[in-house]
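A.B. asks: Everything below, folded, please.
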Amino acid sequence: NAVVVGLLAGRFEITDHLVGGKLVSIDQPAWNHHLEDEMNQVVGVLSAGGAKVVLFTMPYIDPPQEAPDGSVYPENRNSRVDEYNRILERVAARHPGEVTVVGPGAGRAQTGFAMLADLLTIVRRRS
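C.D. replies: Numbering: from 1, shown residues only. The predicted structure is shown next:
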């Protein structure tokens, strides 16, 4: 069985979606609730065998690609990335001791070495 399972997602989750003929996005509370519910289900599946789950935050898209009119595409807005990362934090809070959030946006800027140190700490706690 896996000791630690990592999930890196976000790009699809912060884009606009057509649901039931309506355009929805992470800027809307109903869509955020839907995403949070889905992430909680994913955590349940990934941890079913006893593995700890690491949710990797989404970094900012830098530089954001610009639309033909010079504006930033909605899915490249930092506010959407921030909201997605807040959803991950809420999911982790619902699963204490089981889920850890790692990466830039997880409360502190991280280098690759700091992220590796966090992962090793999770593995050592599990062993």
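A.B. asks: so the residue located most distally from the centre of the chain is in which element?
C.D. replies: Most distant residue from the mean C-alpha position of the chain: Asp69, 29.5 Å away (CA atoms, centre = their mean). Assigning secondary structure by DSSP states H and E places Asp69 outside every helix and strand.
A.B. asks: just Arg80 next, same as before
C.D. replies: Applying DSSP H and E, one finds Arg80 within helix 78-94.
A.B. asks: how about the strands in this protein?
C.D. replies: Along the chain, counting by DSSP state E, strands occupy 4-8, 17-19, 22-24, 52-56, 99-102.
A.B. asks: Ok, which of these comes nearest Glu83?
C.D. replies: Glu83 sits nearest to strand 22-24 of all those, at 13.1 Å, using CB to CB. Using the backbone N, CA and C atoms, a C-beta is placed for each residue, glycine as well.
A.B. asks: Check the average confidence over that closest one, would you?
C.D. replies: Strand 22-24 carries an average pLDDT of 92.
A.B. asks: Could you dump the strands of the chain into TSV with distance to Val42 added?
C.D. replies: Formatted as TSV, these follow (distance: least, CB to CB, whole Å):
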stretch	distance to Val42
strand 4-8	7
strand 17-19	17
strand 22-24	19
strand 52-56	8
strand 99-102	10
